[in-house]
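S.K.: Predicted model and sequence below, questions to follow.
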Amino acid sequence: MGNAPSPRETDRPPDPASNQFLQRDRLRKLLQVAKGHHRALILTHDNPDPDAVASACGLAYLLGQCAGLSTTAAYGGIIGRAENKAMLRVLHLPIQPVSRVEHQPRDLVCLVDTQPEVGNYSLSSPEVPQLVIDHHPARPASLLASFHDVGGPAGATSTMVTQYLRAARLIPGPHLATALFYGIKSDTRDLGREYEPADIDCYNWLFPLIDKPALSRIEHPSVPARYFAAYHRAYERARLHGGGEAVVADMGEVYVPEIVPEVAERLVSLEGLRWSLATGSYKGELYLSLRLNDRRVNAGKLVREVCAPLGGSAGGHGAMAGARIPLRGRSPELLANDIFATFLRAFHLRPGPGTPLVPLEP
């Protein structure tokens, strides 16, 4: 990430809403753990979304500037969604597959946008991470880390990392600022879902710093023909339940796992819907994504309860959650049907074939 001198935030008035004292105290504790180390590996969850990528790059920048560490941001799985690939390409973000760097020497392991107990990140060695930063609800294993900042309040981990940069009086360059801004924007659905005052504050602080044309190129990328084929298959297979209260869609084999949450996100916008659930298989695992319009149910808790007995790893929070379950020889179609039935019963709906979302033409 480089350790060149950086511009610092010296000429802006203090913002009471950012709770500067608390943030500077957290920054001090974070740097206490980091200092004395030399090489840091900063790891996201597998198949990272924009929030995870931006958070990893932001923490790498912070540790390089304030603790003098050599930093490497990495991820497992793939980055396949068109917007996410465009984000890396347009912003030239310094993050790479963990398979390329996991054997390099390191003496500090950091997790962002995930936690040790979740099990959705790739690291061959059984190391306990020393730093954990994540906006999702705290897991007990995170409390074993030398430094942990988990659970927010924030709708995006990018918000938490931005708060650290501000506490350190660091102003990110246009590319990092754009990544953090897009991380907040995408994880809170334009500040329309599960956002906190901190998200608004950091969103507004970052906006003057971002590369607006680059953001437009990220949000409107070119997509392959199989993207439309995946959506066609999802709509064709989607089934309504409870008189239009819920929709489930098994997409079969997908070309990238990120298309599963994208479809679930699109389906939940159906008028009158309480929840949507999409599944798809990819390289021996079944991916599922749940989206809710019902604030009485916690998506993350429900997905963990359903998927843990199946050997899956899950994560999420109030309105959105996802999981991946190793198939281990099981039929992905039969497993998806069993999962649909479990979720329908959890919402007090009767399992069954359902009604096609898009009726076939005669």
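M.R.: Good, I have the coordinates. Given the structure is predicted, the values throughout are model-derived calculations rather than measurements.
S.K.: Measure how far the longest helix along the chain is from the centre of its chain, please.
M.R.: When the chain is scanned for its longest helix (criterion: DSSP state H), the result is helix 50-67. How far helix 50-67 lies from its chain's middle: 15 Å, per Cα atoms, centre = their mean, to the nearest Å.
S.K.: pLDDT of it, averaged?
M.R.: What helix 50-67 shows for mean pLDDT is 97.
S.K.: and it, C-alpha only, in PDB?
M.R.: Output of helix 50-67 as PDB, limited to C-alpha atoms (Å, rounded to 0.1, in the frame of the first residue of the first chain):
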ATOM      1  CA  PRO A  50     -17.600  -3.600  -2.200                       C
ATOM      2  CA  ASP A  51     -17.900  -3.000   1.600                       C
ATOM      3  CA  ALA A  52     -15.400  -5.700   2.400                       C
ATOM      4  CA  VAL A  53     -13.000  -4.700  -0.400                       C
ATOM      5  CA  ALA A  54     -13.000  -1.000   0.600                       C
ATOM      6  CA  SER A  55     -12.700  -1.800   4.300                       C
ATOM      7  CA  ALA A  56      -9.600  -4.000   3.700                       C
ATOM      8  CA  CYS A  57      -7.900  -1.400   1.500                       C
ATOM      9  CA  GLY A  58      -8.800   1.400   4.000                       C
ATOM     10  CA  LEU A  59      -7.400  -0.500   7.000                       C
ATOM     11  CA  ALA A  60      -4.200  -1.300   5.000                       C
ATOM     12  CA  TYR A  61      -3.800   2.400   4.200                       C
ATOM     13  CA  LEU A  62      -4.300   3.300   7.900                       C
ATOM     14  CA  LEU A  63      -1.800   0.700   9.200                       C
ATOM     15  CA  GLY A  64       0.700   1.700   6.600                       C
ATOM     16  CA  GLN A  65       0.400   5.400   7.400                       C
ATOM     17  CA  CYS A  66       0.000   5.300  11.200                       C
ATOM     18  CA  ALA A  67       1.900   2.200  12.300                       C
END
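S.K.: following that helix, which helix or strand shows up next?
M.R.: Next in sequence after helix 50-67, counting helices and strands by DSSP states H and E, comes strand 70-75.
S.K.: what inclination does that next one have with respect to helix 50-67?
M.R.: Angle of strand 70-75 versus helix 50-67, following axes from the mean of the first three to the mean of the last three Cα atoms, to 10 degrees, is 170 degrees.
S.K.: what packs against strand 70-75?
M.R.: strand 39-43, helix 50-67, strand 95-97 (3 or more Cβ pairs under 8 Å, 6 or more residues apart in numbering; DSSP states H and E). C-beta coordinates here come from the backbone N, C-alpha and C atoms, glycine included.
S.K.: ok, residues contacting the helix or strand following it?
M.R.: On the C-terminal side of strand 70-75, the nearest following helix or strand under DSSP H and E is helix 82-91. Under the criterion Cβ atoms under 8 Å, 6 or more residues apart in numbering, residues 48-50, 53, 79, 93, 95, 175-176, 178-179, 182, 186, 211, 214, 217-219, 221-224, 227, 258 lie in contact with helix 82-91.
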